[in-house]
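Visitor: generate a structure from the sequence data that follows.
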Amino acid sequence: MSDNLYVNGTIIAISGKARSGKDTVAALIEKILLGTSRTPVIVPFAQCLKDVAAKTFGLDRHKLDVDPAYKAEHRRMLVEYGQAIRSFAPTAWVDYVCREAMKSEIAMPEEKFVWIIPDLRFGNEIDRLEEVSGGCCVAVRVNASEKTRRGRMGAESWARYEADAKDDPSETELDFVAYRGVFSWYVQNDSTSDDLERQVRRFLQCYVDSGIEIAPPLAVAA
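Guide: Presented below is the predicted three-dimensional model:
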């Protein structure tokens with residue numbers, strides 16, 4: 001653990017099951033904040049893991065991000081690889097992201113960064129983020145029904161998910177009652193993209209610097 005880490009910007013950490021919409025929520029937050037005085041940056045914990053795994057095992061790095069079937073095919077390996085590193089350094093992936101954030105903050109001290117992490121999975125990760133940010137960290141839980149997630153994933157990828165990852169701690173740890181208090185906001189992602197954007201805008205209006213000028217939510221259909 002690197003004890004000299006400190007992140008000045010606000011951190012938004014997003015948790016949720018596979019295909020619940022974590023990346024979609026992260027992208028919405030980024031899109032909305034781009035029109036404000038803040039500088040949003042999406043910084044996945046898994047970015048470094050995927051970079052290293054792709055080089056080590058000859059995987060297609062781009063497809064690990066954009067192709068759900070390809071990611072499902074290699075999910076078991078990614079999960080076990082990530083856990084192997086965590087067994088030696090439990091906050092390794094958090095610390096990597098925070099080091100990268102610190103570099104940007106030092107290089108551009110005038111920017112008001114909002115660091116968006118779309119893959120919060122473990123309790124010790126939120127603890128570490130709280131520590132390095134001086135408490136300026138907000139955890140968001142994205143929920144979607146199993147039916148919705150299964151439909152997004154497709155039958156073949158869902159079968160792989162059930163066999164390889166559904167019961168893994170990386171998918172289940174933050175389900176436990178002990179961690180429910182860490183989430184400041186819940187998003188339900190079973191409806192339309194407009195509904196999801198309204199929820200995200202309400203969250204930003206409530207939990208990110210009240211001085212930010214955020215456009216009003218989309219009009220609700222009569």
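
Visitor: hey, let's count contacts and neighbours off CA atoms from now on
Guide: Fine.

Visitor: helices of this structure, start to end?
Guide: 22-33, 46-57, 61-66, 68-88, 92-107, 123-133, 146-153, 155-164, 169-172, 193-207 (DSSP state H).

Visitor: in the fourth one, what's buried?
Guide: Spelled out, it's helix 68-88. 68-69, 71-73, 75-76, 78-79, 82 (16 or more other CA atoms under 10 Å).

Visitor: thinking again about what came up before, dump the helices of the chain into TSV; add distance to residue 6 as well.
Guide: Output for the helices of the chain, formatted as TSV (distance: least, CA to CA, whole Å):
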stretch	distance to residue 6
helix 22-33	22
helix 46-57	19
helix 61-66	28
helix 68-88	21
helix 92-107	7
helix 123-133	5
helix 146-153	36
helix 155-164	35
helix 169-172	25
helix 193-207	21
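
Visitor: most tightly surrounded among the ones you listed?
Guide: Counting by mean count of other CA atoms under 10 Å, helix 22-33 has the highest mean neighbour count of the helices of the chain, with a mean of 20.

Visitor: what's the angle between that helix and helix 193-207?
Guide: Between the axis of helix 22-33 and that of helix 193-207 there is an angle of 60 degrees, by axes from the mean of the first three to the mean of the last three CA atoms, to 10 degrees.

Visitor: on that earlier part again, and the buried residues of helix 68-88, which two are furthest apart?
Guide: 69 and 82 (19.4 Å; CA to CA).

Visitor: can you list the buried residues of helix 68-88 in JSON lines and add distance to residue 22?
Guide: Formatted as JSON lines, the buried residues of helix 68-88 follow (distance: CA to CA, whole Å):
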{"residue": "68", "distance to residue 22": "13"}
{"residue": "69", "distance to residue 22": "17"}
{"residue": "71", "distance to residue 22": "15"}
{"residue": "72", "distance to residue 22": "16"}
{"residue": "73", "distance to residue 22": "20"}
{"residue": "75", "distance to residue 22": "16"}
{"residue": "76", "distance to residue 22": "19"}
{"residue": "78", "distance to residue 22": "18"}
{"residue": "79", "distance to residue 22": "17"}
{"residue": "82", "distance to residue 22": "19"}
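
Visitor: is it correct that residue 22 is in contact with residue 15?
Guide: Yes: counting by CA atoms under 8 Å, residue 22 touches residue 15, with 6.7 Å between them.

Visitor: name the nearest residue to residue 197, sequence neighbours excluded.
Guide: Leaving aside its chain neighbours, residue 197 sits nearest to residue 28 (6.8 Å; criterion: CA to CA, 6 or more residues apart in numbering).

Visitor: got a list of what residue 26 touches?
Guide: 14, 42, 116-118 (CA atoms under 8 Å, 6 or more residues apart in numbering).
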